[in-house]
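Undergrad: sharing a sequence plus its predicted fold:
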Amino acid sequence: MSAPIAPCTRKNLPGWRHVVRAILPAHAPDAAFYLWARVPGDDAEFARRLYAEEAVSVLPGSYLGREAGGLNPGRGYVRIALVAAFDECAEAVERLVSFARRSS
């Protein structure tokens with residue numbers, strides 16, 4: 001029987017943030033298990049293409065923001081939840097960074 005894979009944790013978040021920030025501006029809100037990253041172009045299209053090309057799911061920020069005065073504060077961002085096993089998070093972040101480099 002293999003050893004259990006360590007989960008992604010808040011403790012690991014600074015490391016993931018630095019990897020993602022090498023290509024996309026990103027930050028982790030206080031007490032969060034996710035990164036909030038600015039993406040080039042339309043956030044929903046970025047998320048759709050990331051899933052289609054790299055099999056990585058992120059949530060478009062515009063789906064989380066509320067439209068007010070013609071503005072959606074989530075537009076142009078994606079939420080990257082780091083809740084899977086550590087190895088899965090590492091691979092997903094690598095794929096995300098590779099995709100973002102191609103999309104810039």
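TA: Yep, it's here.
Undergrad: Ser98 reaches Glu54, doesn't it?
TA: Yes. The pair Ser98 / Glu54 is scored as a contact, 7.2 Å apart, by C-beta atoms under 8 Å. All C-beta spots, glycine's among them, are computed from the backbone N, C-alpha and C.
Undergrad: more crowded one of these two?
TA: Glu54 (18 against 14; other C-beta atoms under 10 Å).
Undergrad: what pLDDT does that one get?
TA: Model confidence at Glu54, given as pLDDT, is 96.
Undergrad: ramachandran coordinates for it?
TA: Dihedral pair for Glu54: phi -130, psi 0, per degrees, to the nearest 10.
Undergrad: name the nearest residue to the residue positioned nearest the centre of the chain, sequence neighbours excluded.
TA: For the chain, Ile80 is the residue whose C-alpha lies nearest the centre (C-alpha atoms, centre = their mean; 2.6 Å). Leaving aside its chain neighbours, Ile80 sits nearest to Leu35 (4.3 Å; criterion: C-beta to C-beta, 6 or more residues apart in numbering).
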